[in-house]
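Participant: sequence and predicted structure, then a few things I'm wondering about:
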Amino acid sequence: MIQSIYVNLPVEDLARSRSFWTKLGFSFNETFSDDKALCLMLNEGSICAMLLKREFFSTFTNRAVADHHTTQVLLAIGVDSRQKVDDMVSAALENGATRYREAADHGWMYYDCIADPDGHQWEIMYSDPNQLPT
């Protein structure tokens with residue numbers, strides 16, 4: 001059974017990343033943060049995004065590192081309400097994110113899509129399994 005997940009993402013500017021995610025209401029695990037990396041806490045104790053300076057990130061792979069003009073992964077994070085989706089996306093857009101796709105409402109699932117300042121694509125979503133069509 002998986003106890004935790006660490007998603008590793010290359011970033012250009014750690015200070016910009018820290019400021020962006022702090023303004024969205026997230027915190028960092030300072031034990032795993034330094035001048036080469038930030039440990040962004042997505043769900044305290046179980047889900048983290050390691051934001052690694054691009055040069056440092058490249059030491060963990062023998063492949064070319066995707067830049068902000070390509071898509072390597074789509075990251076979806078679930079929140080507890082439609083309003084939280086809208087609030088988080090609004091805060092992200094006000095703090096340097098861009099929208100790469102319009103919001104989608106499927107009745108039982110609602111999500112909106114942003115790219116953070118480093119171009120990583122995030123889907124902020126809310127779903128209500130009780131509303132799934134039968």
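Facilitator: Structure's in. What do you need? Residues are numbered from 1 along each chain as shown.
Participant: can we go C-alpha only for contacts and neighbour counts from here?
Facilitator: Fine.
Participant: so what's R99 up against?
Facilitator: R99 is in contact with L93, C113, I114, A115, counting by Cα atoms under 8 Å, 6 or more residues apart in numbering.
Participant: check which helix or strand it maps to.
Facilitator: strand 98-105 (DSSP states H and E).
Participant: ok, the helix or strand following that strand: who's next to it in the sheet?
Facilitator: Sequence-wise, the next helix or strand downstream of strand 98-105 (DSSP H and E) is strand 109-115. Strand pairing for strand 109-115, using DSSP bridges, gives strand 98-105 (antiparallel), strand 121-127 (antiparallel).
Participant: tell me the buried residues in strand 109-115?
Facilitator: Buried residues in strand 109-115, counting neighbours by 16 or more other Cα atoms under 10 Å, are found at Y110, Y111, D112, C113, I114, A115.
Participant: show me the domain layout of this structure.
Facilitator: 1-60, 71-134 (automatic domain parsing).
Participant: let's have those domains in TSV, adding mean pLDDT.
Facilitator: Shown next, in TSV, are the domains of the chain (pLDDT from 0 to 100):
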stretch	mean pLDDT
domain 1-60	95
domain 71-134	94
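Participant: cool, thanks, signing off.
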